[in-house]
Each structure stands twice: as C-alpha cells, then as structure tokens.
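Q: here you go, sequence then predicted model.
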Amino acid sequence: MASVKERVRKQRYKRLPKGPHGGIELLLIQNVDHVGKQGEVVEVRPGHAFNYLLPQGLAIVATEHHKRMVEKHKAKLKEIELARLSGLRQLAEKIAEQSITIEANANDEGHLYGSVGAVDIAKALKANGITVTDDQIRLQGPLKELGLYTVKVHLHADIEADLKVWVVPTS
C-alpha cells in the first residue's frame, strides 16, 4: 500500500504534461545553463522542475496555449531579424561604395608619426553619414604608412563590407 506522501506526489505529477521520456515539459522563461534557452520547450525531471525551475520563475508549464504563443512570438522575431538583415546588407553596399580619406602626420619616407586606428576610421565614416562602432572595423593592425588600404567592416556574422581608406599626409 502506497503512503499518503507517494499518492499526493503521483497526483501532482499527473497534472503536468509529460514528455516522451517521462519527464515534465516546461517552457523556459529565461536561459538556464545545461537546460536550454529562453522560449524552448524542454523536458526535465520532476524534482528539478518543482524544486528549482518553477519556484525560481525560470520556467512555466508548457501548455498548448503557451507553445502557440511562443511560436507566434518567434515568427514575429524572425520577421524583425530579416528586416534588420536587409537593412544591414544595404548599409554594407553603401559602405563598399565609400572611399574615405584620413589625414595624418608623416615623415618624408611615408611613415606616420602616430598611427591610424579603428576609432579614426569610424569617425571618418560618421562624418560621411555612416555610423558604425570602432569594434566593427576589423584591422590587421594599426595603419602606420601612407597609402590605400582595404579595411573590413563587420556588420553581422554573415555580412561584411570592404572599405577603401586613403591615408594621406597633412597639408
């Protein structure tokens, strides 16, 4: 004969949706290490669900309604991301058409007294109406001589643009 405690526990677990492996299906509200990311439906053991995820507010019970709402939200986020990527591609084309000139102090042999870095390139781009951060500009090293350089501007994991940078002596 099962004890009262076991019967109560079995009743409580019966009310929650079971996954294919016998665990409890939860919808994560926040990213949880070693469990999943926000918006994912995960299957966890009942003790982990009742003792940690549910009391901490990290997850909720994965009902059909919640799953539909998450799918709608993901679809909307995907549309927003596609629009953002489209805008970044247009920006990459605009950057590729640009050629910026940076004046720097140099000696007669063409060596700069200082160097031209990502901050200087970002300022020159901003003067031309294009705003990028200095960490998006990928240099092999600081530019220390006069001349023409091709610099990569990293806008997204899949989107990069080549920018022509002229380093000329100050007049």
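A: Here it is on my side, so go on. Computed from a predicted structure; not experimentally measured. Residues are numbered from 1 along each chain as shown.
Q: let me know the pLDDT of residue 8.
A: Looking at residue 8, its pLDDT is 59.
Q: surely residue 40 meets residue 30?
A: No - assessed by CB atoms under 8 Å, residue 40 is found out of contact with residue 30, at 10.8 Å. Using the backbone N, CA and C atoms, a C-beta is placed for each residue, glycine as well.
Q: just want to know which of these two has more residues nearby.
A: residue 40 (15 against 12; other CB atoms under 10 Å).
Q: for the residue lying closest to the more buried one once chain neighbours are set aside, which residues count as its bridge partners?
A: Spatial nearest neighbour of residue 40, chain neighbours left out: residue 28 (5.3 Å); criterion: CB to CB, 6 or more residues apart in numbering. For residue 28, the beta-bridge partners are residue 59 (DSSP bridges).
Q: which residues touch residue 28?
A: 35, 36, 37, 38, 39, 40, 41, 42, 53, 58, 59 (CB atoms under 8 Å, 6 or more residues apart in numbering).
Q: most neighbours, which of those residues?
A: Neighbour counts for the contacts of residue 28 peak at residue 59, which has 26 neighbours (criterion: other CB under 10 Å).
Q: quick one, what contacts that one?
A: 26, 27, 28, 29, 32, 42, 49, 53.
Q: quick one: low-confidence parts of this protein?
A: By pLDDT under 70, the low-scoring segments of the chain are 1-2, 4-15.
Q: can you give me the helices for it?
A: With helices called from DSSP state H, the chain shows them at 4-15, 46-48, 64-97, 118-127.
Q: let's have those in a markdown table, adding mean neighbour count.
A: Formatted as a markdown table, the helices of the chain follow (neighbours: other CB atoms under 10 Å):
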| stretch | mean neighbour count |
| --- | --- |
| helix 4-15 | 10 |
| helix 46-48 | 14 |
| helix 64-97 | 12 |
| helix 118-127 | 17 |
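Q: export those as JSON lines, with columns for distance to residue 105.
A: Shown next, in JSON lines, are the helices of the chain (distance: least, CB to CB, whole Å):
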{"stretch": "helix 4-15", "distance to residue 105": "75"}
{"stretch": "helix 46-48", "distance to residue 105": "63"}
{"stretch": "helix 64-97", "distance to residue 105": "27"}
{"stretch": "helix 118-127", "distance to residue 105": "13"}
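Q: nearest to residue 157 among these would be which one?
A: Closest approach to residue 157 among the helices of the chain is made by helix 64-97 (10.1 Å; CB to CB).
Q: which strands and helices sit next to the closest one?
A: strand 24-28, strand 160-169 (3 or more CB pairs under 8 Å, 6 or more residues apart in numbering; DSSP states H and E).
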